[in-house]
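# Pasting the sequence and the predicted model now:
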Amino acid sequence: MTASIDVSMPLPGASFGATVVQFHYAGGWPKKRQWALDTLPLAYDWILLLDADEVMNPELSREIRQAIQNPQVAGYRICLQMFFLGKLLRHCEASFWKLSLFRRGHARFECRLKNQDASMADMEVHEHMIADGPVEELRNPIVHHNVESLSRYIQKHDEYSNWEARVLTAGEGKSDELRGSLFGTQAQRRRWLKRNLYRVPGSPVLLFFYRYIFRFGFLDGVPGLIYCTFQAVQMFHTKAKIYELKKAGS
């Protein structure tokens, strides 16, 4: 696992004054984000995790400038809204909260699976930051634009299910893992519900009806229908891979 700065060819971002660091993944954990937090000489006290397909509005920028003046807070959760097939999904339970803004040295990624590989995609997007101090929430969201084709979306979520099957087979219990809790934060509730829902027969169908009917996914039109269906299919893929792993280990 190495990183280097290749000055022989222009890299995206370099023309804007950014220092571009190339991360070469060689398997295992951490992947690039925790590696960057542990390794790179970061210059500022606050860190904002923002993917290339995620967009901040001016209101969030102003809110962040004000929020980081508070010396008592270790980090801030920001709501991530899903823009899918040309539509902002306002229902489907597609939005979720992430600890995207935090004080340097006061938060790190949980480790749910040390034995990872490239077949599991960049799963840090589904692992949570855990802060060592008070955490608050910001009002304005980040919008995630799913700009890839549906073919790539399906391929990527197949890779996600490889990772998720391994994680759910291993179970909880690691000290640096966010624990599922029905009465915790949104992330803890979602984790508790997901782990317990996987044990229920027909759970992919139940998930579809929960998102599409009870969470009003039908109000998001055809994109909402496709999104809810894909979420249920991913759960089915994960359950099938859990079965495969257990059969291989028996």
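That came through fine.
# Quick one: list the elements packing against the top strand by length along the chain.
Longest strand in the chain, counting residues (DSSP state E): strand 75-84. Using 3 or more CB pairs under 8 Å, 6 or more residues apart in numbering; DSSP states H and E, the elements in contact with strand 75-84 are helix 58-67, strand 96-103, strand 135-137, strand 142-146, helix 221-249. The C-beta positions use only the backbone N, C-alpha and C, and glycine is treated the same way.
# repeat that with 6 Å
For strand 75-84, the elements it packs on are strand 96-103, strand 135-137, strand 142-146, judged by 3 or more CB pairs under 6 Å, 6 or more residues apart in numbering; DSSP states H and E.
# so which of the ones you listed is the most packed in?
Each of those was scored by mean neighbour count; the highest is strand 96-103, a mean of 21, by mean count of other CB atoms under 10 Å.
# so how far is the helix or strand following that one from its chain's centroid?
Per DSSP states H and E, strand 96-103 leads on to strand 107-109 as the next helix or strand towards the C-terminus. The chain centroid and the centroid of strand 107-109 are separated by 13 Å under CA atoms, centre = their mean, to the nearest Å.
# same deal with stretch 206-225?
So, by CA atoms, centre = their mean, the centroid of stretch 206-225 is 21 Å from its chain's centroid.
# Not counting its own residues, what contacts it?
Stretch 206-225 has contacts (CB atoms under 6 Å, 6 or more residues apart in numbering) with 84-85, 87, 89, 91-93, 228, 232, 235.
# Tell me the buried residues in it?
207-208, 210-212, 215, 217, 220, 223-224 (16 or more other CB atoms under 10 Å).
# pLDDT of it, averaged?
Averaged across stretch 206-225, the pLDDT comes to 96.
# Quick check: end-to-end length of it?
Stretch 206-225 has its terminal residues 14 Å apart, counting by CA to CA, to the nearest Å.
# Closest one to residue 242 out of the buried residues of stretch 206-225, please.
Nearest to residue 242 among the buried residues of stretch 206-225, counting by CB to CB, is residue 207 at 15.1 Å.
# starting at the chain centroid, how far to the host helix or strand of that closest one?
Using DSSP H and E, residue 207 sits within helix 203-209. Mean-position distance between helix 203-209 and its chain equals 21 Å (CA atoms, centre = their mean).
# And stretch 157-167, by the same measure?
With CA atoms, centre = their mean, you get 13 Å for stretch 157-167.
# Also stretch 236-247?
22 Å.
# Just the residues contacting it, thanks.
So stretch 236-247 is in contact with 161, 164-165, 168-169, 204, going by CB under 6 Å, 6+ apart.
# try it again with 10 Å
Identification of contacts with stretch 236-247 by CB atoms under 10 Å, 6 or more residues apart in numbering yields 154, 157-158, 160-170, 194, 197-199, 201-205, 207-208.
# and what of stretch 152-164?
Contacts of stretch 152-164 (CB under 10 Å, 6+ apart): 84-85, 112-113, 116-123, 125-127, 146, 148-149, 194, 198, 226-227, 230-231, 233-242.
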